[in-house]
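Student: I'd like to go over a predicted model; first the sequence, then the structure.
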Amino acid sequence: MIKLYENFINPKIEYYSNGQKKSEVWLLNDKYHRKDGPAYQSWFENGQKDSEVWLLNDKYHREDGPVYQSWSKNGQKKDEWWYLNGKKHRKDGPSYQSWYSNGQKEYEWWYLNGKYHREDGSAYQYWLMNGQKQTEYWYLNGQKYSR
């Protein structure tokens, strides 16, 4: 028996009692899956987007942008992840970033093919809420080294 949402005819959509969209889920054979957009999206009751996740066959995957993003109710971005074929991966920037509620960056992690990697700087960085850099580590191909 084929379910309608398995053929991408309609996503599964939930709504808040006020009529605002709460979530949208795309499934294929009971796995999160969508080729042309996020397989999962959610919104706060005020209409502000909460999160979006790109998945193919239940694996994080996106070639042209972040695979996961989340925001706070005021629209401030909280997190951003980049994956390719289920592995943390980004060639031209950090593959994981998070921000404090005041907009100050909190974490920045650089990965290539699932391993910490950055040739021109630290692959792992952490800042305090006041902007002071707290921690940084250097990695090449997953191997930690001293600068």
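Tutor: Structure's in. What do you need? Numbering: from 1, shown residues only.
Student: Quick one: residues contacting the residue nearest the centre of the chain.
Tutor: Compute the mean C-alpha point of the chain, and by C-alpha atoms, centre = their mean the closest residue is Y68, 1.8 Å away. Going by C-beta atoms under 8 Å, 6 or more residues apart in numbering, Y68 touches S51, E52, V53, W54, Y60, D79, E80, W81, Y83. Quick note: C-beta positions are derived from backbone N, CA and C, even for glycine.
Student: correct me, but the first one touches F44?
Tutor: Think S51. No - counting by C-beta atoms under 8 Å, S51 stays clear of F44, with 9.9 Å between them.
Student: The strand ranked longest in the chain pairs with which strands, and in what direction?
Tutor: Counting residues, the longest strand in the chain under DSSP state E turns out to be strand 133-140. Counting by DSSP bridges, the strands paired with strand 133-140 are strand 124-127 (antiparallel), strand 143-145 (antiparallel).
Student: Output these as TSV; include the columns mean neighbour count, distance to R90 and mean pLDDT.
Tutor: Shown next, in TSV, are those (neighbours: other C-beta atoms under 10 Å; distance: least, C-beta to C-beta, whole Å; pLDDT from 0 to 100):
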stretch	mean neighbour count	distance to R90	mean pLDDT
strand 124-127	18	14	97
strand 143-145	10	19	95
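Student: Would you mind giving the domain segments of this structure?
Tutor: The chain breaks down into these domains under automatic domain parsing: 1-59, 61-147.
Student: any idea which of those scores lowest on pLDDT?
Tutor: Ranked by mean pLDDT, those end with domain 1-59 at the bottom, a mean of 88.
Student: Is Q134 in contact with Y124, as I believe?
Tutor: No - Q134 is beyond contact range of Y124, at 11.0 Å (criterion: C-beta under 8 Å).
Student: Show me the helices in this structure, by range?
Tutor: In the chain, no helices are defined using DSSP state H.
Student: For Y60, which non-adjacent residue is spatially closest?
Tutor: In space, and not counting its chain neighbours, Y60 is closest to Y83: 3.7 Å by C-beta to C-beta, 6 or more residues apart in numbering.
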